[in-house]
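> structure, please.
(one chain, ligands or ions: 1)
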Amino acid sequence: MSAWTRLQDHREAQGALRIEALFDADPARAAEFSTAADGLVLDWSKTSIDAAARDLLLELAAPVPARREAMFTGARINETEDRAVLHTALRNLDGSVLLDGQDVMPELRRTHRRMCDFATAIRDGGFAGQGGRITDVINIGIGGSDLGPAMATRALSPWHDGPRVHFVSNVDGADIADTLKGLDPATTLVIVASKTFTTIETMTNAKTALDWMARAVAQPSAQFAALSSATGRTAEWGIDAARVFGFEDWVGGRYSMWGPIGLSLMIAIGPQNFDRFLAGGAAMDRHFRQAPLAENLPVILALVGIWHHQVCGYATRAVLPYDNRLGRLPAYLQQLEMESNGKRVAMDGSDLTRPSGPVVWGEPGTNGQHAFYQLIHQGTAVVPCEFIVAARGHEPDLAHHHLLLIANCLAQSEALMRGRPLDEALDLMRSKGLAGAELERQARHRVFPGNRPSTTLLIPQLDPFTLGQIVALYEHRVFAEGVMLGINSFDQWGVELGKELALKLAPLLQGQPAPGHDPSTERLAQLIRDARS
Ligand SMILES: O=P(O)(O)OC[C@H]1O[C@](O)(CO)[C@@H](O)[C@@H]1O
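Model prediction:
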């Protein structure tokens, strides 16, 4: 019988098991179901994974080590695009990695040095705009060319001592219009971040920025830089090769913030801090490659994910950072996890026989508590929660805020697990003077079923190094889940169809004949044309 079947049987055999009972049965559970790596601690004891489930889950992880080595050593594991997957090389700049017999590292090191030199020149004024020292940098990109640096720049704001950095991603003109408002083109650097340099949103925004700049300075493209693997196209845009930072097709968009796509972050926090970020990612790589599966943080996080989604059938998972500066982490993880593992066929093209990746969503605590936690505590759907919290904050004179933040985080995981049974709710209502049928009715609304699972990732403090660890942890989690599910986590064919149709729809909206659309789409287009005329 396969480990999957035995896991499913085991879950059924657990019946009405309560997570709290696992703590009663095993006094060492809190420590035993915790996994640490270089200062990070993942507590996964508040889940229904017991020792037997853990052992069965670890059986599922058996194919991970071979695939992991294949990834790190440059094998073409992205089989549907016939590409290697080497984003890890971007943060492990020493050593060599052979791809088709050629060491890719010297070129990576060269590009990294050029990035550092350019970022330093922007920061110290060695590179100036046509109106003087650069005061503002706009990163224009979308998806993996936006979410990573945008998330990290916000996360690392205590280290932000370079020019202001803005991010424009949406093709909605509101995004770029609101950003350009109040900026001086003569002291602004525009970074066009696009691996392909064809993405319609990015190219449209870049053209608008170029026109904006052309109205103010003699040589607009002199204040443009490009992050792309399509160097031919960047040249067509008139961007000097000295300001083009390339990367290879073996760096997937959503895995690319470690290299040139991270330039805006590097300008914000400086090359040294950026290198600390890389070092954090590299530390997680070493841990992932070397730690036994049972003590391997990304593998354990992946197994918890598989237990909750594929075995228990919980449809979504919430990522809840108790850190305001990690406000964009859920959005970043949505792309990382859902673009990577939101698939319906296995690597060999056959239909998946079990669910692929779950819906990932979230918001920082404590704000989420006052918005959607009602559903998490008392709704009919069980949402496994992944809390992230730092032991120390950054504002020494606001330490009491941080204490309250941590208290809220721990309170939530405790409340989710314990809940509040009916007898306690009845006592509560009795103490308020209720009796009879009304007592029962009111008490039932105040019952919390509890037994709702969560994990807590505890970090010492949010800094460049720990952020690097966190991002690499989730990257490897996604990879390990993908391996266990037998899918390719590195392609994204599912985003193509909508892109194609959007191009075909533009003529219809302009009133040109455009056959082949369904009646609903045609009618909506007609209504829009009417409203715009
Ligand atoms: O960097 P590019 O080529 O503009 O692509 C942006 C994004 O578009 C996608 O290809 C699809 O959304 C992502 O994978 C990628 O991060």
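
> gap between Thr198 and Glu32?
Counting by C-beta to C-beta, to the nearest Å, the gap from Thr198 to Glu32 is 51 Å. C-beta coordinates here come from the backbone N, C-alpha and C atoms, glycine included.

> again, but for Asn488
Following C-beta to C-beta, the distance that separates Asn488 from Glu32 is 34 Å.

> can you verify Leu108 is assigned to a strand?
No: Leu108 is assigned helix when assessed by DSSP: H, G, I helix; E, B strand; the rest coil, not a strand.

> that one reaches Arg91, doesn't it?
No: judged on C-beta atoms under 8 Å, Leu108 makes no contact with Arg91 at a distance of 9.8 Å.

> of those two, who's got more company?
Taking other C-beta atoms under 10 Å, Leu108 and Arg91 do not tie; Arg91 has more neighbours (25 against 22).

> right, is the longest helix seen in the chain up against the ligand?
Assignment by DSSP state H gives helix 464-485 as the longest helix of the chain. No: shown here: helix 464-485 not in contact with the ligand (C-beta under 6 Å from any ligand atom), separated by at least 13.3 Å.

> give me the distance between the residue nearest to the spatial centre of the chain and Glu339.
With distances taken as C-alpha atoms, centre = their mean, Leu333 lies nearest the centre of the chain, 2.1 Å away. Noted for Leu333: a distance of 10 Å to Glu339, by C-beta to C-beta.

> next: Val383.
Taking C-beta to C-beta as the measure, Val383 falls 21 Å from Glu339.

> what of Leu93?
26 Å.

> what residues does the stretch 301-450 of the chain put near the ligand?
Counting by C-beta under 6 Å from any ligand atom, the stretch 301-450 of the chain sits next to the ligand at Glu339.

> all strands for the stretch 301-450 of the chain, in order.
For the stretch 301-450 of the chain, the strands defined by DSSP state E, counting those that start in this stretch cover 316-322, 359-361, 385-392.

> so what secondary structure elements neighbour the second one?
For strand 359-361, the helices and strands in contact under the criterion 3 or more C-beta pairs under 8 Å, 6 or more residues apart in numbering; DSSP states H and E are strand 316-322, helix 329-333.

> tell me the mean pLDDT over it?
Mean per-residue pLDDT for strand 359-361: 98.

> got the contact list for the lowest-mean-pLDDT helix or strand in the chain?
Using mean pLDDT, DSSP states H and E, helix 496-509 stands out as the lowest-scoring helix or strand of the chain, at a mean of 87. For helix 496-509, the external contacting residues (C-beta atoms under 8 Å, 6 or more residues apart in numbering) are 200, 513-514, 516-517, 521-522, 525, 528-529.

> of these, which is the most crowded?
Ala525 (18 neighbours).

> surely that one forms part of a helix?
Yes: under three-state DSSP, Ala525 sits within a helix.

> grab the nearest non-local neighbour of the one residue in the stretch 301-450 of the chain that gets nearest to the ligand.
Taking C-beta to the nearest ligand atom, the ligand has its nearest neighbour within the stretch 301-450 of the chain at Glu339, 5.8 Å off. In space, and not counting its chain neighbours, Glu339 is closest to Gln492: 5.0 Å by C-beta to C-beta, 6 or more residues apart in numbering.

> which residues does the one you found contact?
With C-beta under 8 Å, 6+ apart, Gln492 has these contacts: 252-253, 339-340.

> circling back: show me which of Leu93 and Glu339 is the more surrounded one.
Glu339 (22 against 15).

> hang on, that one packs against Tyr332?
No: using C-beta under 8 Å as the test, Glu339 is too far from Tyr332 to be in contact (11.1 Å).

> nearest to the ligand: which residue in the stretch 401-533 of the chain?
Val495 (4.0 Å).

> helices along the stretch 251-400 of the chain, start to end?
Assigned by DSSP state H, counting those that start in this stretch, the stretch 251-400 of the chain shows helices spanning 263-269, 271-290, 297-306, 329-333, 340-341, 373-378, 399-418.

> the ones you listed: which one's closest to Asp117?
Minimum separation from Asp117 across the helices of the stretch 251-400 of the chain (C-beta to C-beta) falls at helix 271-290, 8.6 Å.

> how close does Glu79 get to Ile487?
11 Å.

> mutual contacts of those two, please.
Met347.

> low-scoring stretches of the stretch 51-200 of the chain, by residue?
For the stretch 51-200 of the chain, no stretch is flagged by pLDDT under 70.

> get me the contact residues on it for the ligand.
Near the ligand, when you scan the stretch 51-200 of the chain using C-beta under 6 Å from any ligand atom, you find 142-145, 194-196, 199.
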